[in-house]
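Novice: Sequence and predicted structure below; questions after.
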Amino acid sequence: MPRPGDGAGPRVLVVTAVDAERDAVAAGCPDVTAIAAGVGPAAAAAATAAELATAVAHGRSYALVVSAGIGGGFAPAVPVGATAVATALVAADLGAVTPDGFADVTALGFGTVAHRPPAELAGEVAALTGAHTGPILTVSTVTGTAERAAELTARHPGAVAEAMEGFGVAEAAARAGVPVLELRTVSNAVGPRDRAAWRIPDALRALTAAFRAAGPALTAYAAAAAQPRPSEPTPDAPPNQEAP
Ligand SMILES: O=C(O)c1cccc(C(=O)CC[C@H]2O[C@@H](n3cnc4c(=O)[nH]cnc43)[C@H](O)[C@@H]2O)c1
């Protein structure tokens, strides 16, 4: 069944965790394809990879992937209700605990722990949405103590938010060669667990407002990225063959 954003033009894929986030994104920007992938980096990576592969199999493609939803903000700099745009999508708990402290997987000799969005696009989206910018941390376990929040801040100075999907979305996008961005609206402070202080409806409204403000820039970026460069062959002119 066709979905919003399924038109012939260059496409933006927005990956959220839950339906309420997906609907908040779509309310702000109907021109993107928004999907709810499930909570956590594994679900996010699996759903993103499947959607990107399905698009290619149907002769379509995405020019930009955005991980979006609510998240925890690193207070006091990034308060509840604020918007955050990532300068890096960071796997904050992918590694090993050693006698000398946490060692991420790159220190162990494996893989990667950070993906970087196109800097100009991240800056433009942040300006349009009034967002805080900095690393957004992906965790598999929500922070629930002041000690853990302090540990993350010490390891990732300048981190603006914590959530559970961005790095998974970014891993799938990177394998498909598609640029990635992360945008979060803050429902709670990263720190001691206090469910009564969560402001999920406010954060969902902020998510809609952010996509209303940033949507045109996202779709414009996708359109520009999809333009063949002058030296690239067009569908009418295969490699080493001049167009008539
Ligand atoms: O009640 C809890 O302590 C609790 C434990 C695990 C998950 C939750 C959720 O509400 C789902 C998290 C969901 O929302 C994003 N999110 C929002 N705030 C945070 C946060 O402070 N740290 C990490 N993730 C957060 C996340 O991306 C998930 O999709 C509650």
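Specialist: Cool, the structure landed. Numbering: from 1, shown residues only.

Novice: what about the single longest helix found in the chain, distance to the chain center?
Specialist: Longest helix of the chain, by residue count under DSSP state H: helix 200-226. Computed by Cα atoms, centre = their mean, to the nearest Å, the chain-centroid distance of helix 200-226 equals 12 Å.

Novice: Run the contact check for that helix versus the ligand.
Specialist: No. Using Cβ under 6 Å from any ligand atom, helix 200-226 never reaches the ligand; the gap is at least 7.9 Å. The way it works is simple: take the backbone N, C-alpha and C, and place the C-beta from them, glycine included.

Novice: tell me the mean pLDDT for that helix?
Specialist: For helix 200-226, mean pLDDT rounds to 96.

Novice: Determine the set of other helices and strands touching that helix.
Specialist: Using 3 or more Cβ pairs under 8 Å, 6 or more residues apart in numbering; DSSP states H and E, the elements in contact with helix 200-226 are strand 11-16, helix 19-28, strand 62-73, helix 119-129, strand 180-189.

Novice: Now render those as a markdown table, adding distance to the ligand, mean neighbour count and mean pLDDT.
Specialist: Shown next, in a markdown table, are the helices and strands packed on helix 200-226 (distance: least, Cβ to the nearest ligand atom, whole Å; neighbours: other Cβ atoms under 10 Å; pLDDT from 0 to 100):
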| stretch | distance to the ligand | mean neighbour count | mean pLDDT |
| --- | --- | --- | --- |
| strand 11-16 | 8 | 27 | 97 |
| helix 19-28 | 8 | 20 | 98 |
| strand 62-73 | 2 | 27 | 98 |
| helix 119-129 | 18 | 18 | 98 |
| strand 180-189 | 5 | 27 | 98 |
